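**Student:** Fold the following.
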Amino acid sequence: METKRCPTCGREKGKDCFYKRSGSNSHLRRSWCIECEGLRQKNQDRERIRAGERRRYATRLKIWMEWFRSLYGEIPICQCCGVTLKWQAGNRRHGNDNVVFDHRNGGKESIKSLYGFVSDRELSEKNKNVFLSCDFGILCRKCNTMLPTQDRDKWLKGALNYVNRSS
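**Tutor:** Next comes the predicted model:
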């Protein structure tokens, strides 16, 4: 029995473990074994699916961002400190003057992750109403990181007591 080495897995296998080439070279065998060829095809399909999902997420996010602009204005203001904010999609970790949607009600909103919500859902009347029912606040990154999500009243009273004692 003739054997052939697969360059991917490095194992020596019988010729029947390799697909035949198509066309005029049908008497020859492919380089990769059937097993490695299947894994390669599966990975290509997975990457193609992920690329499509990334495009859909980006498109949905862009549509939602347009609606947010129409709802809150082109130049939103931080509802805590009054600083002028920018609409910025993408890497949300950078830029203190980017809009941050804050869980005003202590995380009890039906939307736990706004980015996940808008990237997974089309902009429809139903989804708009779900977003509006959450009553998100618009803050700058600095104010959002200073405020705790839960027990805000207690935290703010403690901070006010601290400030009043030190002055």
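
**Student:** Give me the packing partners of the longest helix along the chain, helices and strands only.
**Tutor:** Using DSSP state H to define each element, the chain has its longest helix at helix 34-72. Packing partners of helix 34-72 (3 or more Cβ pairs under 8 Å, 6 or more residues apart in numbering; DSSP states H and E): strand 18-20, helix 114-120. All C-beta atoms are positioned from the backbone trio N, CA, C, and that covers glycine.

**Student:** what's the next secondary structure element after that helix?
**Tutor:** Going down the chain from helix 34-72, the next helix or strand is strand 100-102, by DSSP states H and E.

**Student:** Now do that following strand: everything it contacts.
**Tutor:** Residues outside strand 100-102 that contact it (Cβ atoms under 8 Å, 6 or more residues apart in numbering) are Arg92, Leu114, Phe136, Gly137, Ile138, Leu139, Cys140, Arg141, Cys143, Asn144, Leu147.

**Student:** go on, stretch 30-43?
**Tutor:** Contacts with stretch 30-43, where a contact means Cβ under 8 Å, 6+ apart, come from Cys6, Pro7, Thr8, Cys9, Arg11, Lys13, Cys17, Phe18, Tyr19, Lys20, Arg21.
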